[in-house]
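**Q** Sequence and computational prediction follow.
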Amino acid sequence: MNIQGINSTLASQVTSSAKVNRQDTIKEVGKTFDSLLQSLNQTQVTSDDLMSKLAAGEDVDIHQVMIAADQADISFKIAIGIRDKLVDAYKEISRMSV
């Protein structure tokens, strides 16, 4: 009868579950960024569409145009802030000694 030590069994289970959790986490982060970028794109498309209609002389409420432009501006600033934080985190990780 071959009996394995408890340490080797636990170590293999922790390692395999850590790999699965890491991969799931990476996929979830990717999905989150994808949805944020799609939302940013949609706000900018809406803002551009309303501005084009206003410039063409169509019947568009100026308040809605300004609100859409501000929403697009705020969304873009948030995206730039997230990008800057990610770049800073990458630089800090790359400076770490292994």
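**A** Everything's here; your move.
**Q** Report the mean per-residue pLDDT for the helix or strand hosting L40.
**A** Assessed by DSSP states H and E, L40 sits inside helix 6-55. Per-residue pLDDT values over helix 6-55 give a mean of 81.
**Q** and M66, how many neighbours does it have?
**A** Neighbourhood size, M66 [other Cβ atoms under 10 Å]: 14. No exception for glycine: its C-beta is placed from N, CA and C like everyone else's.
**Q** typed the wrong thing, it's N41
**A** Neighbours around N41, by other Cβ under 10 Å: 13.
**Q** Next: the one 10 residues further on.
**A** Summarising burial for M51: neighbours were counted as other Cβ under 10 Å, giving 16.
**Q** doesn't M66 make contact with it?
**A** No - M51 lies out of contact with M66 (Cβ atoms under 8 Å); the separation is 9.8 Å.
**Q** Backbone torsions only: list them for G57.
**A** phi 90, psi 10 (degrees, to the nearest 10).
**Q** Give me the distance between it and L37.
**A** Separation of G57 from L37 (Cβ to Cβ, to the nearest Å): 32 Å.
**Q** Which one's more surrounded, these two?
**A** L37 (12 against 7).
**Q** Report the buried residues of the host helix or strand of K85.
**A** For K85, the enclosing helix or strand under DSSP H and E is helix 62-95. Within helix 62-95, the residues scored as buried using 16 or more other Cβ atoms under 10 Å are V65, A68, A69, A72, S75, A79.
**Q** Pick out the residue nearest the middle of the chain.
**A** Closest residue to the average C-alpha location of the chain: F33 at 2.1 Å, with Cα atoms, centre = their mean.
**Q** for it, what are its contacts?
**A** Applying Cβ atoms under 8 Å, 6 or more residues apart in numbering, we find F33 in contact with no residue.
**Q** quick one: F33 and S97, what's the gap?
**A** 28 Å.
**Q** cool, I26 as well?
**A** With Cβ to Cβ as the criterion, I26 and S97 are 24 Å apart.
**Q** Between those two, tell me which one has more neighbours.
**A** I26 (10 against 3).
**Q** Next up, the contacts around the nearest residue to A79 once chain neighbours are set aside.
**A** Spatial nearest neighbour of A79, chain neighbours left out: L40 (5.3 Å); criterion: Cβ to Cβ, 6 or more residues apart in numbering. L40 is in contact with S75, F76, A79, counting by Cβ under 8 Å, 6+ apart.
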